[in-house]
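Colleague: From the sequence below, what's the structure:
(one chain, ligands or ions: 1)
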Amino acid sequence: MKIAVIGTGYVGLVTGTCLSETGNSVICVDIDPDKVQKMKSGIIPIYEPGLDVLFHRNIKQDRLHFTTDLAEAVKHAEIIFLALPTPPGGDGAADLSYILSASLEIAKLVKEYKVIVNKSTVPVGTADKVSAVFKENLAPGITVDVVSNPEFLREGVAVEDFMKPDRVVIGTRSETAKRLMTELYAPYVRQGNPIIYMDERSSELTKYAANSFLATKITFMNEIANLCELVGADVDAVRRGIGSDDRIGRRFLFPGVGYGGSCFPKDVQALVKSASDAAYDFKILKSVISVNEKQKVVLVNKVKKYFNGNIKDKSFAIWGLAFKPETDDIREAPSLYIINELLELGAKVSVYDPEAMGNVKALLGDRIDYSIDPYEALNGADALLIVTEWSAFRNPDFEKMKALLKANVIFDGRNLFDIEKMTDLGFYYNSIGRKLVN
Ligand code: NAD
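Modeller: You can find the predicted model right below:
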């Protein structure tokens, strides 16, 4: 099939590449000429494991193309995906300006029936708004169908998630669009995972409900962890104890330094706003937002307490900057909040992350030091803070760490190490919801 994908970020580039992998002819469009130039010369502008093999293979086989020319892509495609940003606006609502202005541009270019598929995360009613833009701007006699097809991929495992999704949600009331979408997705659900059809509004809400539920699950565990610390319980034990119940499940029960990333914070906020627009007070999600705000600085509070409130001129090593492992994405990353707090309190910060250092450098410049490996960051530091659970941090050389750190002090926001082991090694080890080792 002939496909266009508008927007080549984490979602658009993965979508375009994975759709070309099953034999479709795909043109990806971006307004950023540097990005397009990079992709044309075979460079992937983001870090996403496994994407490179598919990207290079499909470019070589002439099925995957990049352009800044929207007209070329619209002419080529029978199905046009919108994978555009929907950042939070000032009032928390998703900003639809990217979606609506791209729709307007596309509408003016369309010369025959097309399916317009919205992959971005958008509030209920957006398909109607997009349909209206097309209706008003299409040439006479031409129609399009606007489909809601929210994306559930996770950064870090995005290729796997796209190639073998748990489910595909398709929101449309058009039989033609349903048939084309079913044909397009058939290769990805061969193992029997469902394509779930519904109306556009339910589909739009499904995405927000999924992300908000997951953010709530994490936040609930963070509160249990905070309580564990106060009552002398171990959150790891509690996690195992509840996770074995099928109704709860083992996943997404790990406490930490709050959720971040480009999706959960903005999507929870947007759902609260959509609810309030519909005169509904979404109390649980409001609490989720405020608990998460506090959780982002839980590690800094532990640090302040340890140093009796004075960390001026102390130096801290930070392991992990990305909002989660296996990505270079730092949007709303807890690390940024932690670094800012530490700098504001007059501390010095030295960081290491396997993939996200470039993005942080672009944001913070020389306000902090960047290390070439995890150990360099420790040199002379008063303490180590672990913020992202990269695998490479799970089994470090503890003796080397001791030799480099000024004091053997670790604040672990991801519970990477065994409490007994840290006791034996003689570290001060302060993690989340577990016994303090000192
Ligand atoms: P992103 O910021 O990584 O990428 C957006 C891309 O669109 C950028 O490359 C930008 O240059 C381009 N762009 C902006 N305006 C354009 C225009 N008029 N024409 C062409 N290109 C344009 O965003 P993302 O993380 O891929 O997210 C896209 C959407 O998908 C958002 O709604 C997001 O909520 C949703 N989503 C994201 C994820 C995720 O894990 N990142 C997962 C599921 C859903």
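Colleague: How much space separates the residue in the chain positioned nearest to the ligand from residue 329?
Modeller: Residue nearest to the ligand within the chain: residue 9 (1.8 Å; CB to the nearest ligand atom). For every residue, glycine as well, the C-beta is placed using N, CA and C. The gap separating residue 9 from residue 329 is 10 Å, by CB to CB, to the nearest Å.
Colleague: more neighbours, the two?
Modeller: Between residue 9 and residue 329, residue 329 has the larger neighbour count (other CB atoms under 10 Å), namely 24 against 19.
Colleague: Alpha carbons of stretch 116-124, in PDB - could you do that?
Modeller: Extracted in PDB, the C-alpha atoms of stretch 116-124 (Å, rounded to 0.1, in the frame of the first residue of the first chain):
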ATOM      1  CA  ILE A 116      -6.300  10.400   7.200                       C
ATOM      2  CA  VAL A 117      -5.100   8.500  10.200                       C
ATOM      3  CA  ASN A 118      -4.400  10.300  13.400                       C
ATOM      4  CA  LYS A 119      -1.600   8.600  15.400                       C
ATOM      5  CA  SER A 120      -0.900  11.500  17.700                       C
ATOM      6  CA  THR A 121      -2.500  11.400  21.200                       C
ATOM      7  CA  VAL A 122      -5.400  13.800  21.000                       C
ATOM      8  CA  PRO A 123      -8.500  14.700  23.000                       C
ATOM      9  CA  VAL A 124     -11.900  13.300  22.400                       C
END
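Colleague: Go ahead and measure how far it is from the middle of the chain.
Modeller: Computed by CA atoms, centre = their mean, to the nearest Å, the chain-centroid distance of stretch 116-124 equals 17 Å.
Colleague: So that stretch, near the ligand or not?
Modeller: Yes - Stretch 116-124 is in contact with the ligand by CB under 6 Å from any ligand atom, via 120, 121.
Colleague: next one: stretch 304-322
Modeller: No - against the ligand, stretch 304-322 shows no contacts by CB under 6 Å from any ligand atom, the least distance being 12.3 Å.
Colleague: I'd like the average pLDDT over that stretch.
Modeller: When pLDDT is averaged over stretch 304-322, the result is 97.
Colleague: Figure out how far it is from the centre of its chain.
Modeller: With CA atoms, centre = their mean, you get 26 Å for stretch 304-322.
Colleague: Buried residues in that stretch, which are they?
Modeller: Within stretch 304-322, the residues that qualify as buried are 304, 306-307, 311, 314-322, counting by 16 or more other CB atoms under 10 Å.
Colleague: Mind picking the two most distant members of those?
Modeller: For these, the farthest-apart pair by CB to CB is 307 and 322; their separation is 26.5 Å.
Colleague: Run through the residues that contact the closest residue to residue 426 other than its chain neighbours.
Modeller: Among residues not flanking residue 426 along the chain, residue 408 sits closest, at 6.3 Å (CB to CB, 6 or more residues apart in numbering). Counting by CB atoms under 8 Å, 6 or more residues apart in numbering, residue 408 makes contact with 401, 402, 425, 426, 427, 428.
Colleague: tally of neighbours for the residue nearest to the third one when sequence neighbours are not counted?
Modeller: In other words, residue 425. Computed as CB to CB, 6+ apart, the closest residue to residue 425 that is not its neighbour in sequence is residue 398, at 5.2 Å. Residue 398 has 17 neighbouring residues, counting by other CB under 10 Å.
Colleague: still on that earlier bit, narrow the buried residues of stretch 304-322 to those in strands?
Modeller: When these are checked against strands (DSSP state E), the matches are 315, 316, 317, 318, 319.
Colleague: thought the last one was touching residue 383?
Modeller: By that I understand residue 319. No - using CB atoms under 8 Å as the test, residue 319 is too far from residue 383 to be in contact (11.5 Å).
Colleague: Packing partners of the helix or strand where residue 127 lies?
Modeller: Using DSSP states H and E, residue 127 sits in helix 126-137. Secondary-structure packing of helix 126-137 (3 or more CB pairs under 8 Å, 6 or more residues apart in numbering; DSSP states H and E): helix 97-109, strand 114-118, strand 144-148, helix 200-231.
Colleague: export the ones you listed to a markdown table and tack on mean neighbour count and mean pLDDT?
Modeller: Below are those laid out as a markdown table (neighbours: other CB atoms under 10 Å; pLDDT from 0 to 100):
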| stretch | mean neighbour count | mean pLDDT |
| --- | --- | --- |
| helix 97-109 | 18 | 98 |
| strand 114-118 | 26 | 98 |
| strand 144-148 | 24 | 98 |
| helix 200-231 | 19 | 98 |
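Colleague: what's the closest of the ones you listed to residue 266?
Modeller: Using CB to CB, the helices and strands packed on helix 126-137 put helix 200-231 closest to residue 266, at 9.1 Å.
Colleague: Give me the buried positions along whatever helix or strand comes next after that closest one.
Modeller: The C-terminal neighbour of helix 200-231 among helices and strands, as given by DSSP H and E, is helix 235-243. For helix 235-243, the neighbour count (16+ other CB under 10 Å) marks 235, 236, 238, 239, 243 as buried.
Colleague: what's the answer for stretch 127-142, then?
Modeller: 127, 130, 131, 133, 134, 138.
Colleague: Let me have these in a markdown table, extended by pLDDT and distance to the ligand.
Modeller: Output for the buried residues of stretch 127-142, formatted as a markdown table (pLDDT from 0 to 100; distance: CB to the nearest ligand atom, whole Å):
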| residue | pLDDT | distance to the ligand |
| --- | --- | --- |
| 127 | 98 | 14 |
| 130 | 98 | 13 |
| 131 | 98 | 18 |
| 133 | 98 | 13 |
| 134 | 98 | 16 |
| 138 | 97 | 19 |
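Colleague: Alright, that wraps it up for me.
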